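> The sequence and its predicted three-dimensional model are supplied below.
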2 protein chains.
Amino acid sequence: MSDYYAPAIVVDRESDEPLYRQIATPIEQAIVSGELAAGTMIEDEVSMAQRLDVSRPTARRAMQELVGMGLLSRKRGVGTTVTPPQVHRPIALTSLFDDLARMGAAPTTKVLSYDVHGADEEEADLLAVEVGSGVVRVARLRSAEGRPLALMTNLLPVDLAPSWTDLNEHGLYRCLREAGVAIATARQVIGARAATADEAALLDEAEGAPLLTMRRTAYDGTGRVVEFGRSVYRPTLYDFSMTLVTH
Amino acid sequence: MSDYYAPAIVVDRESDEPLYRQIATPIEQAIVSGELAAGTMIEDEVSMAQRLDVSRPTARRAMQELVGMGLLSRKRGVGTTVTPPQVHRPIALTSLFDDLARMGAAPTTKVLSYDVHGADEEEADLLAVEVGSGVVRVARLRSAEGRPLALMTNLLPVDLAPSWTDLNEHGLYRCLREAGVAIATARQVIGARAATADEAALLDEAEGAPLLTMRRTAYDGTGRVVEFGRSVYRPTLYDFSMTLVTH
DNA sequence: AAGTGGTCTAGACCACGTA
DNA sequence: ACGTGGTCTAGACCACTTG
C-alpha cells in the first residue's frame, strides 16, 4: 500500500478517443488545475495498466504524452512524479491580441490602411512568392484600455488575407485560424530602436523614445509563408514574455 | 518499385544504443545536412521494419522521434515526407556567448564585479531561497569584435556559482553545464528602455539611447532556481532571434 | 531481492486517402 | 481495393535504484 495518485478513470472502448488520451487527459487536467502538487507520486505503469484494464504499452503511452509536455518526470528504478510548474511546457506562438485578451486588457484595433497590390521585389522575397502576385499590406494600431500600445504592419498573400472589417474586430491570427489557415511555426526577431516622428505621434510617445520592435515570418505546415509582420511596441506598456526549454 | 528514401542501416543488437535511435539518428542527419530535400518521401514503416529486421513498433518509434522534432510529417493513407526546414524545431535556450561564438564573433567577457554575500529579501525572493543564504552577484561586460555589446548581472546560489576566473573565459551557461548543473527551462522577459548614464558609458552609447533589456530566471529539472539574470543589450549590435512552434 | 521505468517483439484491427 | 499511418495487445528481457 503506497500513497501515490491513481486516477479514477474508466476507459470507453466504444469512444473514438484513443485509450491513451482517455487516460492522459484527466491526469493532465489534475496537474494543470493544481489538484496534484509538484512532487506527487503517480501510480506505476504496470499497476495502472492492470487496474484500468489496458495493456502496459497503452498505459505507458499515456504517461509518455505527459512527460513530453513536461508535466511528469520519470526515473528508472524510482517512479513517476509531478514536475514543478516552472518546468511545464510553454504555451507557444501566441498572438498579441490573445495575450491582451487573456490579461483582461480589452484590446481594440484600428485598421490604418489596407492595400491590395502586386508584390514588388522586396515583398515577393519576404513572402516567397512571385513578383507581381497579389499581396495585401495592412497597417493597424493596437490599443489596450484606451492607450495606444503597438503599431503593426503585415504582409500576406491575397488568398489568405482577412477582410478589413474582420481585422477591425479580431486579431490577425484568429482571423487566419478561422479561415482554415494553420500556422505551424514562426521565426521572429525582437529588437529596439528610437521612435520616428510618425510613430511617436501615433503611439503618444516622444520622438526618439525607445521602442520594442518585432519582425515575424509565419509558416504553415507545408513551409508556405502565411504572413510577414513588422511591429513596434511601447516598452512601458508591453514586453515579450516567454519560456524556453532545453530538449 | 517506388522512389522513396530507404536508409541504408544495419542495426547493432549488441550496442547499448537503442534500436530506434540507431535508426532515427542517420535519418535525422540526412535531413539536417540537407541531403534529403523537403518533400522527399520516406520508406513506409512496415517495409522499413522488415528490411532492417526489427519489429514494426521499433521502426515506428524511430519515425515518431523525427516527427516530434518536426523533421518528418506523416499523413495517414499517404505516407511520410521530409518537412520543409522552416518547420523544424528550434534550438532552444541558447546562451549569448554560444550565439556569438557560433556566428564567429569572438566574444570576450570582462567581470566587472563578483560579490558573495547573504541574500537580502529581494534576492531571496528571486532565487526562491532563504533570506541570508549565500548568493553570488556578478556583473559582466560582454564584447564582440572589440565593441561592447551587453551588460549582464547575474544572481546565483553560492554552491552553483562558477569562479571569477571561469567566468572571464567562458559563458555562464557553459560554466554551469560543466559543473553538472542541467538547466531544464527558463522564463524570460524582453523589453526596452532608455540607457542610464552609467550604462551609456560602459556600452559606448549616448545617455537615453534605446537599449534592449532581458530578465531571465533559469530552472533545473527539479524546479530549483539556478540563476536569475538581468541584461541590457545594444540594439544596433544585437537582437533576439527565435522560432516559435504551435503544439 | 524487489520494484521501477526502458526497450522490444510479433502479431492484430482500424481509419484514412488514393486510385 | 489497396496501402498508408494510428492504435492496441500480451507478453518478454533488461537497467537502474532502493531497501
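Now that the structure is in, tell me what you want to look at. Residues are numbered from 1 along each chain as shown, chains lettered A, B, ... in the order given.
> Could you chop chain A up by domain?
In the domain annotation for chain A, the residue ranges read A:19-87, A:96-233 (automatic domain parsing).
> want to throw those domains into CSV with mean pLDDT and mean neighbour count?
Yep, even glycine has a C-beta here, placed from its N, CA and C like the rest. Putting these into CSV (pLDDT from 0 to 100; neighbours: other Cβ atoms under 10 Å in any protein chain shown) gives the following:
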stretch, mean pLDDT, mean neighbour count
domain A:19-87, 92, 17
domain A:96-233, 92, 17
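> wait, which of the ones you listed is closest to DNA strand D?
For those, the distance to DNA strand D is smallest for domain A:19-87, at 2.5 Å, taking Cβ to the nearest atom of the strand.
> can you redo the domains of chain A as JSON lines with distance to residue B:72?
Listed next are the domains of chain A as JSON lines, based on distance: least, Cβ to Cβ, whole Å:
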{"stretch": "domain A:19-87", "distance to residue B:72": "16"}
{"stretch": "domain A:96-233", "distance to residue B:72": "12"}
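> In CSV: those domains, plus distance to DNA strand D.
Shown next, in CSV, are the domains of chain A (distance: least, Cβ to the nearest atom of the strand, whole Å):
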stretch, distance to DNA strand D
domain A:19-87, 2
domain A:96-233, 13
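> Return the strand or helix carrying residue A:154 as CSV; C-alpha atoms alone will do.
Residue A:154 is part of strand A:147-157 when elements are defined by DSSP states H and E. Extracted C-alpha coordinates of strand A:147-157, given in CSV (Å, rounded to 0.1, in the frame of the first residue of the first chain):
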residue,chain,number,x,y,z
ARG,A,147,-4.0,53.7,-24.7
PRO,A,148,-2.1,53.1,-27.9
LEU,A,149,0.2,50.1,-27.5
ALA,A,150,1.6,48.9,-30.8
LEU,A,151,1.8,49.8,-34.4
MET,A,152,1.7,46.7,-36.7
THR,A,153,2.1,46.3,-40.4
ASN,A,154,1.5,42.9,-42.0
LEU,A,155,2.0,41.5,-45.4
LEU,A,156,0.0,38.5,-46.6
PRO,A,157,-0.8,36.7,-49.9
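> I'd like the distance from it to the chain centre, please.
Its chain's average C-alpha position is 18 Å from that of strand A:147-157, according to Cα atoms, centre = their mean, to the nearest Å.
> Then stretch A:182-189?
Centre-to-centre, stretch A:182-189 and its host chain are 9 Å apart (Cα atoms, centre = their mean).
> Kindly report the same for stretch A:136-155.
19 Å.
> Repeat that for stretch A:212-229.
13 Å.
> Give me the contact status of it with DNA strand C.
No. Stretch A:212-229 stays clear of DNA strand C (Cβ under 7 Å from any atom of the strand), getting no nearer than 13.0 Å.
> now check that stretch, is it near chain B?
Yes. Against chain B, stretch A:212-229 shows contacts by Cβ under 8 Å from any Cβ of the partner chain at A:212, A:219, A:221-223.
> repeat for stretch A:146-165
No. With Cβ under 8 Å from any Cβ as the criterion, chain B is not reached by stretch A:146-165; the gap is at least 12.6 Å.
> and the end-to-end length of that stretch?
Terminal residues of stretch A:146-165 lie 20 Å apart, using Cα to Cα, to the nearest Å.
> Same check on stretch A:116-132?
Counting by Cα to Cα, you get 11 Å between the two ends of stretch A:116-132.
> Contacts (any at all) between chain B and that stretch?
No. On the criterion Cβ under 8 Å from any Cβ, stretch A:116-132 is out of touch with chain B, staying 9.3 Å away.
> repeat for stretch A:11-21
No. Stretch A:11-21 stays clear of chain B (Cβ under 8 Å from any Cβ), getting no nearer than 13.1 Å.
> tell me the phi and psi of residue A:121?
When read as degrees, to the nearest 10, the backbone of residue A:121 gives phi -60, psi -40.
> Please name the spatially closest residue to it (chain neighbours excluded).
residue A:131 (5.7 Å; Cβ to Cβ, 6 or more residues apart in numbering or on different chains).
> That neighbour falls within a strand, correct?
No. According to DSSP: H, G, I helix; E, B strand; the rest coil, residue A:131 belongs to no strand; its state is coil.
> need the contact list for it.
A:118-121, A:124 (Cβ atoms under 8 Å, 6 or more residues apart in numbering or on different chains).
> can I get these in a markdown table with secondary structure and distance to DNA strand C?
Below are those laid out as a markdown table (DSSP: H, G, I helix; E, B strand; the rest coil; distance: Cβ to the nearest atom of the strand, whole Å):
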| residue | secondary structure | distance to DNA strand C |
| --- | --- | --- |
| A:118 | strand | 32 |
| A:119 | coil | 29 |
| A:120 | coil | 35 |
| A:121 | helix | 34 |
| A:124 | helix | 29 |
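> Can you name the two of those that sit furthest apart?
By the measure Cβ to Cβ, A:118 and A:121 form the most distant pair in the contacts of residue A:131, at 10.9 Å.
> quick one: residue A:179 and residue A:167, what's the gap?
12 Å (Cβ to Cβ, to the nearest Å).
> and what of residue A:82?
Distance from residue A:82 to residue A:167, by Cβ to Cβ: 42 Å.
> Same check on residue A:201?
22 Å.
> what sits against residue A:40?
Contact analysis of residue A:40 by Cβ under 8 Å, 6+ apart lists A:4-5, A:81-82.
> rerun at 10 Å
Shown in contact with residue A:40 (Cβ atoms under 10 Å, 6 or more residues apart in numbering or on different chains): A:3-5, A:30-31, A:72, A:80-82.
> Same list, those residues, but only the ones touching DNA strand C.
residue A:80.
> Keep only those of the contacts of residue A:40 that are in helices.
A:30-31 (DSSP state H).
> can you tell me which of the contacts of residue A:40 are in strands?
Counting by DSSP state E, the part of those found in strands is A:72, A:80-82.
> from those, which single one is nearest residue A:173?
residue A:72 (30.1 Å).
> quick one: the residue nearest to that closest one when sequence neighbours are not counted from residue A:78, how far?
Counting by Cβ to Cβ, 6+ apart, residue A:66 is the residue found nearest to residue A:72 once chain neighbours are left out, at 4.4 Å. Applying Cβ to Cβ, one obtains 16 Å for the distance of residue A:66 from residue A:78.
> what do you get for residue A:105?
Taken as Cβ to Cβ, the span from residue A:105 to residue A:78 is 44 Å.
> these two touch, right, residue A:169 and residue A:140?
No. Applying Cβ atoms under 10 Å, one finds residue A:169 not in contact with residue A:140, separated by 11.7 Å.
> Which neighbours do those two have in common?
Jointly contacting residue A:169 and residue A:140 under the rule Cβ under 10 Å, 6+ apart are residue A:109.
> sorry, back to before: just curious, which of the contacts of residue A:40 is nearest to DNA strand C?
Nearest to DNA strand C among these, counting by Cβ to the nearest atom of the strand, is residue A:80 at 3.9 Å.
> Please name the bridge partners of the closest residue to the closest one other than its chain neighbours.
Spatially, and ignoring its direct neighbours in sequence, residue A:80 is nearest to residue A:42 (4.2 Å; Cβ to Cβ, 6+ apart). Counting by DSSP bridges, residue A:42 is bridged to residue A:5, residue A:80.
> residues contacting residue A:42?
For residue A:42, counting by Cβ under 10 Å, 6+ apart, the contacting residues are A:4-7, A:27, A:30-31, A:36, A:48, A:63, A:66, A:72, A:74, A:79-82.
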